[in-house]
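Chemist: using only what follows, build the 3D model:
(chains A and B, ligands or ions: 1)
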Amino acid sequence: MTMEKLVEKYFRPGRLPHIWCPGCGNGIVTGAIVKAIDKLELAKDDVAVISGIGCSSRASGYLDFNTANTLHGRAIPIASGVKMGDPRLNVIVVTGDGDSTAIGGNHIIHAARRNIDLTVVIFNNNIYGMTGGQYSPLTPIHSKATTAPYTTIEPAFNIPELVKAAGATFVARATTFHAQILADVIAQGIAHKGFSVIEAVSACPISFGRQNKMGGPADMMKWQRDHGVPLAAWDKMTDEQKEGKFPIGVLHHDTSKQEYTDAYDGIIKTAQGGK
Amino acid sequence: MSKILLLQGNQAVVEGAIAAGVKFFGGYPITPSTEIAEQLAERLPEVGGKFMQMEDEIAGIGAIVGAALTGKKVMTATSGPGFSLKQEFIGMACSSEIPMVIVDVQRVGPSTGQPTSPSQGEIMQARWGTHGDHWLIALTPASVPECFDLTLRAYALSEKYRVPVILLMDEVIGHMREKIELPDTYADIPQAERKQPTVPPEKFLPYSVDESLVPAMPAFGSGYRWHVTGLVHDETGFPKGTPEATLAAQNRLRAKIENNVDDIVQVENYKMEDAEFAVIAFGGAARTAYESVDMARKEGLKVGLVRPITIWPFAEKQVKELAEKVNGILVHELNCGQYVLEVERVVAGKVPVHLYGKYDNEAATPQELLDEIKKAMANK
Ligand code: SF4
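Modeler: Numbering: from 1, shown residues only, chains lettered A, B, ... in the order given. Below you'll find the predicted structure:
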């Protein structure tokens, strides 16, 4: 389906144009999410999109599903409640790097540990965009930010490693340059029964790019092209070649673990069988 | 058929929740409310409901917001520090109009304070804990049977007005054991209904209202796809920040509560028929006050008790009428004086308003309160 057709089918009439800056990667990630939903042929009534607060979290309002634009950092607990309340729903969390790994950092690791069937798409723009460019846990060390005028001294998280260690059973990464791969891994994440995290590396030319002399939106996309390496190629690279680059694709997929709402159904059976 | 049980206040809340049809609880352990979580962990799956112990207090209330969106009746329970942590979500529940019951078993604060000692220090926090102007309901039981009844009532009000209801307990009532008569089955207990849309999905405007001022709330997954936000929104549910939209949104949230205070506010009068002096007390403090009033009566003093069952919205009409009837009021609360501020505001100097605030980790004895009553009556 063309992007126009996808917009017509899955975006709410009258809610566009969006609030994002020209050249922002958020539109591409949002487009990849609807492509994934379309690919899986999910009914719109059966999809819930829960977001936190931040630039990317505004996406929920544009999409014609059951949606909530909630509190900063708290999308995952709310999504967990939605999933527990109605396990039929495909629950997708739309969140940013600050939203999910700083203020919401506690929630993402515990949701991963539970292996609850949510699909978390982290729009990683390496910065707090909405508030104008403060450093996040994903801002690369030695970058500039409005709150790091002398550059940051904090190392960044590696999201896939973090959530994998916490127990996520599907972990993937792609960039807005690799939009097709992005849509594919999001679709796989939604189809996976368990806690799925997709890191979507996204350009924020305004609040991150400018301060760090990354050039315009096109230059930032080129940066993604040159630094994001598909897994097959990545595996053949030497450590030296990997320096400064990152793998994209499905980085972890484990189908052996029980999903949380299924496990809870077992609790209900036990509790009711006791009588 | 019914049965007589000996239950703690916290246990009666659990039974009230099950009877009300609660199907989801999210929470975090904290003294002195933990029994509620422990017992719902056992009771909910028995009735096909679900319990989740979350990673923190914030996630506890966050999870119930999510479950409420799927049409479930939901509860969280906490105490002091946890109540502080939940405040941001209480504001979201006011703004997005998400029905829920938050049980707060108050404890001595600030900070870690005294986890196991009685206090009523969260009266003002219950009203004003979250940022911004907002309107909600808080109820305070004064006995174990009332814990059950008010839990049911909390759901009736929460669903009717689409508003968070705080069941404001204190350690005295939460841990007190009393006899309670419960039906053998809850099947006959009327279930509070959430208003549903009367128009098809394509015509549905999530925040448009009839004269009740309360919008319909279809469940996620029901075919009505709508948007929830804590941003100021208009009847479409989408953000709209104009002065007109902001004013309209706030005025409606206010009016849906303030227009219905006669339905929401409950006050009990004890020995007030011929009273010349009134004690105002609620929750655990009211238990002392009943006895003090009886003792005063034995000494021939015409003292009565006015017990607010609904703490918020404030019993403005009832207190105004009281100021016309008696020649002095003593407010007894387990804090340094919170509810008394509202009493003073409404009485507005008509009769003297005295405070007996107790905040030393112990409830007052009936004799102590009686002494305070006599002192207040002497210099009325
Ligand atoms: S600030 Fe950055 S992330 Fe936010 S809309 Fe603008 S470009 Fe996009």
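
Chemist: neighbours of residue B:62, just the number please.
Modeler: 31 (other CB atoms under 10 Å in any protein chain shown). Quick note: C-beta positions are derived from backbone N, CA and C, even for glycine.

Chemist: next one: the one 5 residues further on
Modeler: Burial of residue B:67, expressed as a neighbour count using other CB under 10 Å, amounts to 30.

Chemist: nearest to the ligand: which residue in the stretch 151-275 of chain A?
Modeler: The stretch 151-275 of chain A approaches the ligand most closely through residue A:204 (3.2 Å), counting by CB to the nearest ligand atom.

Chemist: quick one, phi/psi of that residue?
Modeler: The phi/psi pair for residue A:204 (degrees, to the nearest 10) reads phi -120, psi 90.

Chemist: ok, for it, nearest residue in space, not its chain neighbours?
Modeler: Among residues not flanking residue A:204 along the chain, residue A:125 sits closest, at 3.7 Å (CB to CB, 6 or more residues apart in numbering or on different chains).

Chemist: which residues in the chain form helices?
Modeler: Using chain A here. Along chain A, the segments classed as helices by DSSP state H run A:3-10, A:26-39, A:59-62, A:75-85, A:97-101, A:105-114, A:159-166, A:179-191, A:217-227, A:231-234, A:239-242, A:260-273.

Chemist: the chain in question should be chain B.
Modeler: B:9-20, B:34-46, B:57-69, B:80-85, B:87-96, B:123-128, B:144-161, B:171-175, B:243-258, B:261-264, B:283-298, B:316-325, B:339-347, B:366-378.

Chemist: packing partners for the shortest one?
Modeler: Identification of packing neighbours for helix B:261-264 by 3 or more CB pairs under 8 Å, 6 or more residues apart in numbering or on different chains; DSSP states H and E yields helix B:316-325.

Chemist: quick check: buried residues in the helix it packs on?
Modeler: B:318, B:319, B:322, B:323 (16 or more other CB atoms under 10 Å in any protein chain shown).

Chemist: if we can go back for a sec, a markdown table for the helices of chain B, including mean pLDDT?
Modeler: Below are those laid out as a markdown table (pLDDT from 0 to 100):
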| stretch | mean pLDDT |
| --- | --- |
| helix B:9-20 | 98 |
| helix B:34-46 | 97 |
| helix B:57-69 | 98 |
| helix B:80-85 | 97 |
| helix B:87-96 | 98 |
| helix B:123-128 | 98 |
| helix B:144-161 | 98 |
| helix B:171-175 | 93 |
| helix B:243-258 | 98 |
| helix B:261-264 | 98 |
| helix B:283-298 | 98 |
| helix B:316-325 | 98 |
| helix B:339-347 | 98 |
| helix B:366-378 | 97 |
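
Chemist: so of those, which one's packed in deepest?
Modeler: helix B:57-69 (a mean of 30; mean count of other CB atoms under 10 Å in any protein chain shown).

Chemist: who are the packing partners of that helix?
Modeler: Against helix B:57-69 (3+ CB pairs under 8 Å, 6+ apart) you get helix A:75-85, helix A:105-114, strand B:22-27, strand B:50-53, strand B:73-78, helix B:80-85, helix B:87-96, strand B:100-106.

Chemist: so which of these is nearest the ligand?
Modeler: Comparing the helices and strands packed on helix B:57-69 by CB to the nearest ligand atom, helix A:75-85 comes nearest, at 16.6 Å.

Chemist: and chain B, is that closest one touching that?
Modeler: Yes. Counting by CB under 8 Å from any CB of the partner chain, chain B has neighbours in helix A:75-85: A:76, A:77, A:78, A:79, A:80, A:81, A:82, A:83, A:84, A:85.

Chemist: what sits closest to the residue of the stretch 51-200 of chain A found nearest chain B if chain neighbours are left out?
Modeler: With CB to the nearest CB as the measure, residue A:81 is the residue of the stretch 51-200 of chain A nearest to chain B, at 2.5 Å. Nearest non-adjacent residue to residue A:81, counting by CB to CB, 6+ apart: residue B:66, 2.5 Å away.
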